[in-house]
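# Build me a model:
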Amino acid sequence: MSQILVIEDEKNIRENILEILENEGFDAIAAENGSIGLHLAQEKLPDLILCDILMPVLDGYGVLTALRSQSQTATIPFMFLSAKTAKIDLLQGMKLGANAYLTKPFTLDELLIAIAINMTKK
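The predicted structure is shown next:
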């Protein structure tokens with residue numbers, strides 16, 4: 001069973017994503033901020049990471065930068081899920097090494113298609 005780490009500070013969004021992933025048969029784990037998420041990623045080495053950008057303690061850009069700088073986490077597929085919709089934000093995420101960038105709100109189909117595409121990249 002594939003494991004997906006969800007790093008999202010908004011409790012309702014985090015819980016909704018976890019429920020969706022579990023209903024789709026994924027082993028889903030979650031973190032409420034970037035610092036906890038980074039620690040979980042290093043400890044669990046999930047198959048995919050879904051991460052918000054605007055979070056307390058450590059933002060999504062910081063999480064991705066830290067993950068890409070460490071050999072054990074550098075190749076974990078990483079997707080941003082963000083309310084930041086400007087092209088510059090998407091470009092910043094991709095420049096840092098994100099595999100995908102979904103803007104909130106997103107549909108169930110958009111999320112599942114992006115996950116399916118990025119699960120094959122590891």
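# make it CA atoms for all contacts and neighbour counts henceforth
Fine.
# outside of the host helix or strand of S35, which residues touch it?
Assigned by DSSP states H and E, S35 falls within helix 34-44. The contact list for helix 34-44 (CA atoms under 8 Å, 6 or more residues apart in numbering) reads 5-8, 30-31, 49, 55-60, 62-63, 66-67, 72-73.
# and the closest residue to R14 other than its chain neighbours, what does it touch?
The spatial neighbour of R14 that comes closest, neighbours along the chain excluded (CA to CA, 6 or more residues apart in numbering), is E8 at 5.5 Å. Contact partners of E8, counting by CA under 8 Å, 6+ apart, are 14, 30-34, 51-52, 55.
# so which of the residues you listed is the most crowded?
C51 (31 neighbours; other CA atoms under 10 Å).
# Contacts only, for L54.
60, 82 are the contacts of L54 under CA under 8 Å, 6+ apart.
# and the gap between the residue lying closest to D9 once chain neighbours are set aside and L54?
Spatial nearest neighbour of D9, chain neighbours left out: E32 (4.5 Å); criterion: CA to CA, 6+ apart. For E32, the distance to L54 equals 12 Å [CA to CA, to the nearest Å].
# what does L40 give?
18 Å.
# Let's see the pLDDT reported for the residue nearest to D9.
The model reports E32 with a pLDDT of 97.
# A30 belongs to a strand, doesn't it?
Yes. According to DSSP: H, G, I helix; E, B strand; the rest coil, A30 belongs to a strand.
# so it touches Q3, yeah?
No. Contact status for A30 versus Q3: not in contact, 10.6 Å apart, counting by CA atoms under 8 Å.
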